[in-house]
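[1] Got a predicted structure here, sequence first:
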Amino acid sequence: MRDLKEDIIQTSLQLFDRYGFHGVSVNQIVELSRTSKGGFYHHFSSKDELLFVIHDTFITYVLKEAQSANVIHSSPVMKIQAIIHAFVQVFDLYKPHISVFYQESNYLKPEYERQIKQKRDEFKKMIFQVIEEGQESGHFRKELPVSITGMAILGMVNWIYKWYKRDGPHSIHEISDVFTDLILHFLLPGKEETDYLNQLLHVPFFYENK
């Protein structure tokens, strides 16, 4: 069965990416998605709400995954791995959404911008809390400032959108392995390799080359 709402979203992603938010009309979206204005307004009150939904989709996904990691895992070491994995994955799952986000986020209406900021802040707070938890339990290096360390993780992963290509030399899973390994190595106190490997959710692919 055709998912009209998803068709409208995918069509708008193509058009916004090519022409920009203000360069696209509802009529163009309706025509290319093979629906009617009635069909469009059944799902979205306006083009502004459509832009909000595009932004909200991937932010909601990564926030829910982080919340799940917090529930499923008791160890902060496992939690941070699961969160980083989900965070990296989002750049593959929602690549078009994220591209439009960075191009068109300035056009979000204030009420929508507040909702997006609230979820982004909640995700950032969760990363900070896991780092603090790891420091308090002795799993993570205590000397690292939480805010700088958390922002380093966010900045490092967020930059993926600039260079990641689905047809590139490494899959998103391999990229996730590398990022998780790098982050763990600066969070964890120095350990023997066997101790380190025992704390991994899975052994990264590139360890086969050692």
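    That came through, no problem.
[2] Every contact and neighbour count from this point should use C-alpha atoms.
    OK.
[3] Can you pull out the low-pLDDT segments for the chain?
    1-2, 208-210 (pLDDT under 70).
[4] so where do the helices sit in it?
    With DSSP state H as the criterion, the chain has helices at 4-19, 26-32, 37-43, 47-72, 76-93, 95-104, 110-137, 146-158, 160-163, 172-187, 193-197.
[5] Mind giving me the packing neighbours of the second one?
    Spelled out, it's helix 26-32. helix 4-19, helix 37-43 (3 or more CA pairs under 8 Å, 6 or more residues apart in numbering; DSSP states H and E).
[6] and these as JSON lines, adding mean neighbour count?
    Formatted as JSON lines, those follow (neighbours: other CA atoms under 10 Å):
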{"stretch": "helix 4-19", "mean neighbour count": "18"}
{"stretch": "helix 37-43", "mean neighbour count": "14"}
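[7] and D56, which of those is closest to it?
    helix 4-19 (12.1 Å; CA to CA).
[8] Identify the residues contacting that closest one?
    23-24, 29-30, 32-33, 35, 39-40, 43, 50, 54, 96-97, 99-100, 103 (CA atoms under 8 Å, 6 or more residues apart in numbering).
[9] Give the buried subset of those residues as a PyMOL selection command.
    Buried residues among the contacts of helix 4-19 (16 or more other CA atoms under 10 Å), as a PyMOL selection:
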select buried, resi 24+29+30+33+35+40+50+54+96+97+99+100
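[10] wait, which of the helices and strands packed on helix 26-32 is closest to S147?
    Nearest of the helices and strands packed on helix 26-32 (CA to CA): helix 4-19, 33.2 Å.
[11] got the angle between the closest one and helix 47-72?
    110 degrees (axes from the mean of the first three to the mean of the last three CA atoms, to 10 degrees).
[12] Pull helix 4-19 out as PDB, backbone CA atoms only.
    Written as PDB, here are the backbone C-alpha positions of helix 4-19 (Å, rounded to 0.1, in the frame of the first residue of the first chain):
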ATOM      1  CA  LEU A   4       1.500   9.000   0.800                       C
ATOM      2  CA  LYS A   5       3.100  10.900   3.700                       C
ATOM      3  CA  GLU A   6       6.500   9.200   3.100                       C
ATOM      4  CA  ASP A   7       6.200   9.900  -0.600                       C
ATOM      5  CA  ILE A   8       5.600  13.600   0.100                       C
ATOM      6  CA  ILE A   9       8.600  13.700   2.500                       C
ATOM      7  CA  GLN A  10      10.900  11.900   0.000                       C
ATOM      8  CA  THR A  11       9.800  14.200  -2.900                       C
ATOM      9  CA  SER A  12      10.300  17.300  -0.800                       C
ATOM     10  CA  LEU A  13      13.800  16.100   0.200                       C
ATOM     11  CA  GLN A  14      14.800  15.900  -3.400                       C
ATOM     12  CA  LEU A  15      13.300  19.400  -4.200                       C
ATOM     13  CA  PHE A  16      14.600  21.200  -1.100                       C
ATOM     14  CA  ASP A  17      18.100  19.700  -1.700                       C
ATOM     15  CA  ARG A  18      18.100  21.000  -5.300                       C
ATOM     16  CA  TYR A  19      16.200  24.300  -5.100                       C
END
